[in-house]
Every structure is written in C-alpha cells, then in structure tokens.
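Student: all I have is the shape, not the residue letters:
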C-alpha cells in the first residue's frame, strides 16, 4: 500500500501543482505554505510601507506569481477596517484644467497605497447629492475640488471621514485645504496689465457659484479699484469655450467699444474670446486688445494661441493634498492645516505686458 506524503513533505513544485489542481481561488494561506512563511508575512509583503526582509519578500512574490495570487481587497478591508479608497469630488468637467488635476491626484493617492474613486458634478451645488453616494462606499477619506457647506463638513466629521478641500479656500471654515491663492492671482494679473498701460478692462468671470471664479474676479476688480481705474465691464460664463465669445460681445455692448484688456476666468474662455476677437471682430491681439486667462491648460501653449495666463503648480498641490489626507487618515485629530501655493505668470503673446514706448518730444 502506497502512503501519501504529508503536505509539508511535498516539494515546492508538487505543492504548487496540488494547489492549482483545486478548483478554487488561491489564498494568502496557499502562498504562505508554498513560500514557507507565515500568513501574516504574506500580508505584510502586499502592504505598502510594511516591514519585511528582502529575502522573505522575494520568496513571497515568487510564490504569488507562480500561483497567480491576487490579494483580496475586500477581505483585507474587513481586517483593517479600511477600504483603501479615497473619494475625489470634481466639479465642472468641461474645464480642461480638471483632467490634469485628476491625473495628478490619482497618482499621488496611489503612491499612498490607496485607489481613487471619482465622483463628478455638473456644478458645485450638486455636492450634497454626491456626498450621499460617497457614504455608501465606506471611503477612507475625501478630497473635494468643490466648496462644501458647514453642514456638509460637519457630516464628514460625524462620520469620521477625513476631508481635504482641493484648490478651494473656505475662509470661514476650519477644514484642511490645499489651494492656490486665487484672489492674489487675480490681483497679480490685473496689476501687471495695468502697469503696461491698460486702462479700460473687461472681466469674463466663471459661474457665480464657483469659489475659484469668484476669488479671481474679486481679486482683479479690487486691484483695479485700488489703482483708481474705471470699474471693469463684467460678463459671466460657464468656463466653456462658447462663453469666451459671448462674454466679449456682452462687454463690448456695455462699453460701446472693445476694452483695452480682457481677463478671463479660465483659459478655455480666454481661447474662445481670443478666437472671436481675431477671426470674427478682426481685432489685433494684443495690439488693440490684450487677452489673458488662468490655469495654463495644454491648448493655451499651442503655437496658434500662446496665451498669456497664470499656471498653478498642480503637481505640488496634488502631492500636498494626498500627503495631508494620508496623515489625517492615520491621525484623525491632526488639525485643519492649510497649504497655500502661488501661481506663475506665463508671458504669452496675447497680452501686452510692457508699456508702449512714448514718442520723443521734438
């Protein structure tokens, strides 16, 4: 009579073959048995940042690859009581700035061993409805590129879900945030254009409900007022290309002529304004009209545009937001830290940024 070898006496090849013959999902126990380590050692090998020796890691990875093992995220979340997911709340998908921000945020969240769960909104006023969906996924934290009310912030606190507000400055709220100072950005752009000799301004602002749009508009308007210049003609848009042309027509109707300079609430509207000025109104840009925007999205750098704009340090902001959220997940009482970044002026070809030369007296 032939005796069957006990499992521990089987060779590695025999153990692997025996496991693969069974019609079931490969588990961490199978990997541990094949690698000759404990099950907890296998778990540590698949946990980012966990302490494990190089030799153990190599044995576990070799066994896992041979068995085709994939960690069960759902099972792990039951043990750790974390879903390892982070909700990203993004509004205004038509703005070309957001795909860049989304890509950077996703990469930085992944660096912390978590996955981004995307929730999009047509407008920031939809954030309440989106949050109702977010709670169903038991996320470990939220990064919101949208303005939240005090009640919504309190709801995050009640549910013990760490929150970081991205590219929004909620001045009266004690909530962690990472943002570029949009108010100062508006002031910077207005000051630079005024110093170049522009006197009559128009502003094509973004949606009135947008915190970013409001801060940029207020900053530019306040600076022009401080400089003693006429109040700018104002039009509102939706951050889309068509709003640029529509806004320029509105401003010309208000003033009875084209202004010296147009400040647009984002680059997409600036490109629409620029195309309409050049191709429909036959205006010389920047000879007769200067046009500037915000965000430095990729098309703004195209040769046919070369837009004057302000660039936000998106990569640095995304890194800061992910790091800040990770620290709040690990230490929920970490406080409401605010990290502020400054924009960079991109001196394109669509705005005159130096004074015109004056004629010499005879």
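Tutor: Everything's here; your move. Values in this document were obtained by computation on a predicted structure and should not be read as measured data. Residues are numbered from 1 along each chain as shown.

Student: burial of residue 13, as a residue count?
Tutor: Residue crowding around residue 13 was assessed by other C-beta atoms under 10 Å; the count is 10. Heads up, the C-betas are built off the backbone N, CA and C, glycines and all.

Student: what helix or strand is it on?
Tutor: Per DSSP states H and E: residue 13 is located in helix 12-21.

Student: any idea which helix or strand comes after that helix?
Tutor: Next in sequence after helix 12-21, counting helices and strands by DSSP H and E, comes helix 28-35.

Student: how far out from the middle of the chain is that next one?
Tutor: 40 Å (C-alpha atoms, centre = their mean, to the nearest Å).

Student: flag every buried residue along it.
Tutor: For helix 28-35, a neighbour-count test (16 or more other C-beta atoms under 10 Å) marks 28, 30-35 as buried.

Student: can you get me a residue count around residue 86?
Tutor: 28.

Student: phi and psi next, for residue 196.
Tutor: Dihedral pair for residue 196: phi -80, psi 0, per degrees, to the nearest 10.

Student: hmm, it is touching residue 347, no?
Tutor: No. Residue 196 lies out of contact with residue 347 (C-beta atoms under 8 Å); the separation is 10.9 Å.

Student: shared neighbours of those two, anything?
Tutor: residue 353 (C-beta atoms under 8 Å, 6 or more residues apart in numbering).

Student: separation between residue 277 and residue 115?
Tutor: 44 Å (C-beta to C-beta, to the nearest Å).

Student: of these two, which one has the most company?
Tutor: Comparing residue 277 with residue 115 by neighbour count (other C-beta under 10 Å), the higher total belongs to residue 277, at 24 against 15.

Student: roughly how far apart are the more buried one and residue 287?
Tutor: 11 Å.

Student: quick one: low-confidence ranges for the stretch 1-150 of the chain?
Tutor: 1-10, 12, 14-23, 48, 72-82, 92-97 (pLDDT under 70).

Student: for whichever helix or strand residue 104 is part of, which positions count as buried?
Tutor: Per DSSP H and E: residue 104 is located in helix 97-111. For helix 97-111, a neighbour-count test (16+ other C-beta under 10 Å) marks 97-98, 100-102, 104-106, 108-109 as buried.

Student: what does stretch 337-357 give?
Tutor: 339, 341, 343, 345-346, 348, 350-353.

Student: also stretch 187-199?
Tutor: Residues 187-194, 196, 198 are the ones in stretch 187-199 that count as buried (16+ other C-beta under 10 Å).

Student: and what of stretch 230-245?
Tutor: Buried, per 16+ other C-beta under 10 Å, within stretch 230-245: 232-241, 243-245.

Student: and those, which of them are in helices?
Tutor: Secondary structure assignment by DSSP state H places 241, 243-245 of the buried residues of stretch 230-245 in helices.

Student: dump those to JSON lines, plus pLDDT.
Tutor: Compiled in JSON lines, these are given as follows (pLDDT from 0 to 100):
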{"residue": "241", "pLDDT": "95"}
{"residue": "243", "pLDDT": "96"}
{"residue": "244", "pLDDT": "97"}
{"residue": "245", "pLDDT": "98"}
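
Student: one step back: looking at the buried residues of helix 28-35, spot the one nearest residue 202.
Tutor: residue 28 (63.4 Å; C-beta to C-beta).

Student: find the nearest non-adjacent residue to the closest one, please.
Tutor: The spatial neighbour of residue 28 that comes closest, neighbours along the chain excluded (C-beta to C-beta, 6 or more residues apart in numbering), is residue 42 at 4.5 Å.

Student: and if you look at residue 148?
Tutor: residue 127 (6.0 Å).

Student: what residues are up against the one you found?
Tutor: Residue 127 makes contact with 89, 91, 121, 144, 146-148, 152, according to C-beta under 8 Å, 6+ apart.

Student: angles on the backbone of residue 133, please.
Tutor: When quoted as degrees, to the nearest 10, the phi and psi of residue 133 stand at phi -80, psi -40.

Student: surely it and residue 119 touch.
Tutor: Yes. Between residue 133 and residue 119 there is a contact under C-beta under 8 Å: 6.4 Å.

Student: the more surrounded of the two?
Tutor: residue 119 (21 against 11).

Student: surely the more buried one forms part of a strand?
Tutor: Yes. Residue 119: assigned to a strand according to DSSP: H, G, I helix; E, B strand; the rest coil.
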